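In: quick one: sequence and predicted model below, then my questions.
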Amino acid sequence: MELLVAFSTDDGENMIKEHAGQAKYFDVYRFSEGNAVFLERRDNSKYKGDEAMKHGDPKKAQATMEALRDANVLVNKMFGPNLPRLLKKLLCVVVRTEKISDAIEILKQNWVKVQEEYQKGESRKHLVLTP
(Lines give C-alpha, C1' and ligand atoms only; values in the text may rest on other atoms or scores of the structure.)
Protein backbone atom coordinates (compact mmCIF):
# COMPACT_ATOMS: atom_id res chain seq x y z
CA MET A 1 0.00 0.00 0.00
CA GLU A 2 1.25 3.46 -0.90
CA LEU A 3 0.48 6.46 1.32
CA LEU A 4 1.41 10.14 1.19
CA VAL A 5 2.85 11.16 4.55
CA ALA A 6 3.25 14.82 5.57
CA PHE A 7 5.54 16.09 8.33
CA SER A 8 4.93 19.45 10.06
CA THR A 9 8.12 21.50 9.83
CA ASP A 10 9.53 25.01 9.82
CA ASP A 11 13.04 24.07 8.63
CA GLY A 12 12.80 20.78 6.69
CA GLU A 13 14.87 18.89 9.26
CA ASN A 14 12.84 18.97 12.47
CA MET A 15 9.19 18.65 13.31
CA ILE A 16 7.71 21.66 15.05
CA LYS A 17 7.19 21.84 18.81
CA GLU A 18 3.68 23.27 18.42
CA HIS A 19 0.41 21.84 17.14
CA ALA A 20 0.81 20.29 13.68
CA GLY A 21 -1.26 22.94 11.89
CA GLN A 22 1.05 25.72 13.12
CA ALA A 23 3.89 24.61 10.81
CA LYS A 24 5.15 26.89 8.07
CA TYR A 25 5.52 23.87 5.78
CA PHE A 26 4.49 20.30 5.27
CA ASP A 27 7.18 18.06 3.79
CA VAL A 28 5.40 15.31 1.85
CA TYR A 29 6.87 11.84 1.27
CA ARG A 30 5.56 8.82 -0.64
CA PHE A 31 5.78 5.73 1.58
CA SER A 32 5.47 2.24 0.16
CA GLU A 33 6.84 -1.13 1.22
CA GLY A 34 9.60 0.21 3.45
CA ASN A 35 10.62 3.08 1.18
CA ALA A 36 10.16 6.80 1.72
CA VAL A 37 10.70 9.23 -1.15
CA PHE A 38 10.55 13.01 -0.69
CA LEU A 39 8.01 14.54 -3.07
CA GLU A 40 7.62 18.20 -2.18
CA ARG A 41 7.47 20.93 0.43
CA ARG A 42 4.04 22.54 0.72
CA ASP A 43 3.61 26.02 2.04
CA ASN A 44 1.12 26.28 4.87
CA SER A 45 0.38 29.89 3.99
CA LYS A 46 -2.36 30.11 6.61
CA TYR A 47 -0.24 28.56 9.36
CA LYS A 48 -0.72 31.46 11.75
CA GLY A 49 -4.26 32.11 10.60
CA ASP A 50 -6.34 34.86 12.02
CA GLU A 51 -4.92 35.58 15.47
CA ALA A 52 -8.49 36.09 16.73
CA MET A 53 -9.22 32.39 16.08
CA LYS A 54 -8.76 30.08 19.02
CA HIS A 55 -7.11 26.67 18.94
CA GLY A 56 -9.67 24.14 17.75
CA ASP A 57 -11.44 26.59 15.42
CA PRO A 58 -12.84 24.60 12.46
CA LYS A 59 -11.45 27.23 10.06
CA LYS A 60 -7.92 26.41 11.23
CA ALA A 61 -8.52 22.71 10.53
CA GLN A 62 -9.88 23.59 7.10
CA ALA A 63 -6.78 25.69 6.29
CA THR A 64 -4.51 22.81 7.27
CA MET A 65 -6.53 20.37 5.17
CA GLU A 66 -6.18 22.65 2.11
CA ALA A 67 -2.40 22.24 2.27
CA LEU A 68 -2.80 18.48 2.90
CA ARG A 69 -5.48 17.94 0.25
CA ASP A 70 -4.20 14.53 -0.97
CA ALA A 71 -2.12 13.43 2.02
CA ASN A 72 -3.07 10.27 3.89
CA VAL A 73 -1.01 10.67 7.07
CA LEU A 74 0.13 13.70 9.09
CA VAL A 75 3.06 13.31 11.50
CA ASN A 76 4.16 15.66 14.27
CA LYS A 77 5.19 15.75 17.91
CA MET A 78 1.78 17.08 19.01
CA PHE A 79 -1.71 17.86 17.78
CA GLY A 80 -4.26 20.34 19.06
CA PRO A 81 -8.02 20.34 19.62
CA ASN A 82 -8.68 19.92 15.87
CA LEU A 83 -7.40 16.35 16.01
CA PRO A 84 -10.91 14.78 15.70
CA ARG A 85 -11.59 16.88 12.57
CA LEU A 86 -8.27 15.92 11.01
CA LEU A 87 -8.83 12.22 11.73
CA LYS A 88 -11.90 12.24 9.49
CA LYS A 89 -9.62 12.93 6.52
CA LEU A 90 -6.26 11.43 7.44
CA LEU A 91 -4.36 9.41 10.01
CA CYS A 92 -2.54 11.55 12.60
CA VAL A 93 0.63 10.08 14.05
CA VAL A 94 2.43 11.45 17.10
CA VAL A 95 6.13 10.59 17.01
CA ARG A 96 8.29 11.24 20.05
CA THR A 97 11.36 12.49 18.22
CA GLU A 98 12.49 15.79 16.75
CA LYS A 99 14.18 14.95 13.47
CA ILE A 100 12.10 14.10 10.43
CA SER A 101 14.71 11.52 9.39
CA ASP A 102 14.22 9.70 12.72
CA ALA A 103 10.43 9.91 12.37
CA ILE A 104 10.68 8.34 8.91
CA GLU A 105 12.57 5.38 10.39
CA ILE A 106 9.98 4.99 13.17
CA LEU A 107 7.18 4.97 10.58
CA LYS A 108 9.01 2.34 8.51
CA GLN A 109 9.37 0.14 11.61
CA ASN A 110 5.64 0.48 12.34
CA TRP A 111 4.39 0.50 8.76
CA VAL A 112 1.92 -2.37 9.18
CA LYS A 113 0.33 -0.63 12.19
CA VAL A 114 0.12 2.67 10.26
CA GLN A 115 -1.58 1.01 7.26
CA GLU A 116 -4.05 -0.88 9.44
CA GLU A 117 -5.13 2.24 11.33
CA TYR A 118 -5.36 4.34 8.16
CA GLN A 119 -7.69 1.77 6.56
CA LYS A 120 -10.24 2.20 9.36
CA GLY A 121 -11.47 5.38 7.66
CA GLU A 122 -13.40 7.88 9.76
CA SER A 123 -13.35 5.51 12.74
CA ARG A 124 -9.53 5.67 12.91
CA LYS A 125 -7.72 6.83 16.04
CA HIS A 126 -4.40 8.64 16.19
CA LEU A 127 -1.24 6.64 16.77
CA VAL A 128 1.58 7.41 19.19
CA LEU A 129 4.90 5.91 18.12
CA THR A 130 8.12 5.99 20.13
CA PRO A 131 11.69 5.28 19.05
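Out: Received it, and whenever you're ready, just let me know what you need. Residues are numbered from 1 along each chain as shown.

In: please name the bridge partners of Asp27.
Out: In this entry, Asp27 is beta-bridged to Phe7, Arg41, by DSSP bridges.

In: contacting residues around it?
Out: Contacts of Asp27 were listed using CB atoms under 8 Å, 6 or more residues apart in numbering, and they are Ala6, Phe7, Thr9, Gly12, Phe38, Glu40, Arg41, Arg42, Ile100. Every C-beta, even on glycine, is put in place using the N, C-alpha and C of the backbone.

In: so how far is the helix or strand that contains the fifth one from its chain's centroid?
Out: It refers to Phe38. Assigned by DSSP states H and E, Phe38 belongs to strand 35-43. With CA atoms, centre = their mean, to the nearest Å as the basis, strand 35-43 stands 12 Å off its chain's centre.

In: start at 747, not 1
Out: Happy to do that; since the first residue is 747 now, the last one works out to strand 781-789.

In: that strand packs against which elements?
Out: Packing contacts for strand 781-789, counted by 3 or more CB pairs under 8 Å, 6 or more residues apart in numbering; DSSP states H and E, involve strand 748-755, strand 771-778, helix 846-855.
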